[in-house]
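Engineer: Predicted model and sequence below, questions to follow.
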Amino acid sequence: MFARTARRQLQSSTGLSCIARSFSSTAPVRTDFTHVIIGGGVVGLAIARSLASYHATHNPNTTSSTLLLERHPHLGTETSSRNSEVIHGGLYYPPDSLKTRLCIAGREQLYDLCNKYSIPHRKTGKWIVAQDAAQLESLERIHETCKSTLGVPTRFLTKTEARNAEPDVRAEAGVLESPETGIVDSHALMTALRGLFEDAGGTVAVNSSVTSITPLPTSPSSLPGSSGYVLTVQDTTTGEPSRITASTVINSAGLHACTIHNLLAPAARHITPFYAKGNYFAYTSPRPRVSRLIYPVVTPGSGGLGTHLTLDLASRIRFGPDVEWVADPTSLSVTASRLPAAVAEIRKYLPGIEVDALAPDYAGIRPKLRRAGAEGKGKDGFVDFYVRREDGFEGWVNLLGIESPGLTSSLAIGGLVREMLVGSKSGRGVDEAPAL
């Protein structure tokens, strides 16, 4: 698949001879593609669409080209389609973090995109429910930060409001509402982003696994990558390898981003990822009935936001994800033995749950750079998104540990990467992450 897709693109511009180009020269060379994005999840799609749209709008007469590589037969089959499909408000993370800034900006952009292109979504709102004084204190801190620093709408409900709105939900100490939280059809979103990318002249190659990346030769005084990169890409259906060159490489490979990073980074900077599996359980009973998302207060160091209640666009209830640390990022079967622990967590805020109506639904894997919590601090606490131009290289943008709220943040991440590579018309943007 890759060979056919790449050759079709190259024939239209540079000819087949460029695939077999000699890389021994240190003189500047014309690369096959301006940008190559590795990883066709929602974030990779958003980056690809942002770059291709920029060049189509601002440089329509140039030969700029953007290629999106995906190793699976279809786009977005890993973390992007195995999550809660929540549009997050941006409540939990440190105010100066990339997660907070990209989530808030991305949320607004995502709602706009969904409205513009009729992507199925709904602004459901969300409750975070506290069961004791300590949890209420945590909610008060979140509310104060949202009000005084972030400008994110939140409000406390009275007991009467909460009881009237959701009589089956237990919230012994208080309820903090996030009215801007919602849900989105992630598959429809990715289909729309692919269409926008291809309409802007971009090329998608599935079944295309990157097996090596090497900077093209350059002068001794220049950084590696100054002349571009050569990538070896294996067609996963035939095993056939192809070589292409790119001026810039964007690593957005999700669960396998550390593997791609280690292909190019020196050994001293290699990274070993962690994988947090989240199990989801479907609920088939009509009672209790809930009309919005319900989240517990985050337990520091838990690795996630707790086993929460989410809805799909047909208003079906599901619970999850929990956090199960695994060694294998392809371990996607639901661990049914974790259901009793999930029930215990669910009953804290939905005591009327019918256990017999719960069944394993699906599981997803979140890439982690550390065994860390969502909002904790300290050595084992909060870990931010890693989005930066990699030190010591030219034209290499690295995205590592892109988990929740990656779906919500995806469009803003796309804009940030575009600004890193081609600049911003306004000259303003979100700063990149610090080095690891």
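Structural biologist: Thanks, I have it.
Engineer: drop to CA atoms for contacts and neighbour counts, all remaining ones
Structural biologist: Noted.
Engineer: continuing past the worst-scoring helix or strand of the chain on mean pLDDT, what's the next helix or strand?
Structural biologist: The helix or strand of the chain with the poorest confidence is helix 2-11; it has a mean of 53 (mean pLDDT, DSSP states H and E). From helix 2-11 onward toward the C-terminus, using DSSP states H and E, the following helix or strand is strand 33-38.
Engineer: what packs against the next helix or strand after that next one?
Structural biologist: Toward the C-terminus, strand 33-38 is succeeded by helix 42-58 as the next helix or strand (DSSP H and E). Under the contact criterion of 3 or more CA pairs under 8 Å, 6 or more residues apart in numbering; DSSP states H and E, helix 42-58 touches strand 33-38, strand 66-69, helix 186-199, helix 406-422.
Engineer: for those, which one ends up most surrounded?
Structural biologist: The highest mean neighbour count among these, using mean count of other CA atoms under 10 Å, belongs to strand 66-69: a mean of 26.
Engineer: Next, the buried residues of the longest helix along the chain.
Structural biologist: In the chain, assigned by DSSP state H, the helix with the most residues is helix 98-117. The neighbour-count check on helix 98-117 (16 or more other CA atoms under 10 Å) flags 98-111, 113-114 as buried.
Engineer: Just flag the most distant two among the residues you listed.
Structural biologist: 98 and 114 (22.8 Å; CA to CA).
Engineer: which residues sit in contact with the residue nearest to residue 94 when sequence neighbours are not counted?
Structural biologist: In space, residue 94 comes closest to residue 100 once its chain neighbours are excluded; the distance is 6.7 Å by CA to CA, 6 or more residues apart in numbering. The neighbours of residue 100, taking CA atoms under 8 Å, 6 or more residues apart in numbering as the test, are 90, 91, 92, 93, 94.
Engineer: what does residue 147 give?
Structural biologist: 153, 154.
Engineer: My read is that residue 279 contacts residue 320, right?
Structural biologist: Yes. With contact defined as CA atoms under 8 Å, residue 279 reaches residue 320; the gap is 6.0 Å.
Engineer: Quickly list what's touching both of those two.
Structural biologist: By CA under 8 Å, 6+ apart, residue 279 and residue 320 have no common neighbours.
Engineer: neighbour count winner among these two?
Structural biologist: residue 279 (28 against 25; other CA atoms under 10 Å).
Engineer: For residue 297, which of the helices and strands packed on helix 42-58 is the nearest?
Structural biologist: helix 406-422 (20.2 Å).
Engineer: Can you name every helix or strand that that closest one contacts?
Structural biologist: Against helix 406-422 (3+ CA pairs under 8 Å, 6+ apart) you get helix 42-58, strand 86-87, helix 98-117.
Engineer: Take these and write them to TSV, including distance to residue 219.
Structural biologist: Converted to TSV, the helices and strands packed on helix 406-422 look like this (distance: least, CA to CA, whole Å):
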stretch	distance to residue 219
helix 42-58	28
strand 86-87	46
helix 98-117	35
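Engineer: can you tell which of those is closest to residue 285?
Structural biologist: Once the helices and strands packed on helix 406-422 are compared by CA to CA, strand 86-87 is nearest, at 22.2 Å.
Engineer: who touches the closest one?
Structural biologist: The contact list for strand 86-87 (CA under 8 Å, 6+ apart) reads 107, 181, 182, 183, 184, 310, 407, 408.
Engineer: Between which two of the residues you listed is the distance greatest?
Structural biologist: Farthest-apart pair in the contacts of strand 86-87 is 107 and 310; separation 17.5 Å (CA to CA).
Engineer: can you pull the contacts of residue 286?
Structural biologist: Counting by CA under 8 Å, 6+ apart, there are no residues that residue 286 touches.
Engineer: mind checking which of the helices and strands packed on helix 42-58 is nearest residue 298?
Structural biologist: Comparing the helices and strands packed on helix 42-58 by CA to CA, helix 406-422 comes nearest, at 18.3 Å.
Engineer: could you dump the helices and strands packed on helix 406-422 to CSV with mean pLDDT?
Structural biologist: CSV is the format used below for the helices and strands packed on helix 406-422 (pLDDT from 0 to 100):
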stretch, mean pLDDT
helix 42-58, 96
strand 86-87, 98
helix 98-117, 98
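Engineer: if we compare the ones you listed, which one ends up closest to residue 327?
Structural biologist: Across the helices and strands packed on helix 406-422, residue 327 has its closest neighbour in helix 42-58 (23.5 Å, CA to CA).
Engineer: Just the CA atoms of that closest one, as CSV, please.
Structural biologist: Provided in CSV are the C-alpha atoms of helix 42-58 (Å, rounded to 0.1, in the frame of the first residue of the first chain):
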residue,chain,number,x,y,z
VAL,A,42,-6.6,11.9,15.7
VAL,A,43,-3.5,14.0,16.7
GLY,A,44,-1.5,12.9,13.6
LEU,A,45,-4.5,13.7,11.4
ALA,A,46,-4.9,17.2,13.0
ILE,A,47,-1.2,18.0,12.5
ALA,A,48,-1.3,16.8,8.9
ARG,A,49,-4.5,18.8,8.1
SER,A,50,-3.0,21.9,9.8
LEU,A,51,0.2,21.7,7.7
ALA,A,52,-1.4,20.9,4.4
SER,A,53,-4.1,23.5,4.9
TYR,A,54,-1.5,26.2,5.7
HIS,A,55,0.5,25.4,2.6
ALA,A,56,-2.6,25.3,0.4
THR,A,57,-3.7,28.7,1.7
HIS,A,58,-0.4,30.6,2.1
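Engineer: May I see the buried residues of that helix?
Structural biologist: By neighbour count with 16+ other CA under 10 Å, helix 42-58 contains the buried residues 42-56.
Engineer: go on, stretch 126-139?
Structural biologist: Neighbour-count burial for stretch 126-139 [16+ other CA under 10 Å]: 126, 127, 128, 129, 130, 131, 135, 136, 139.
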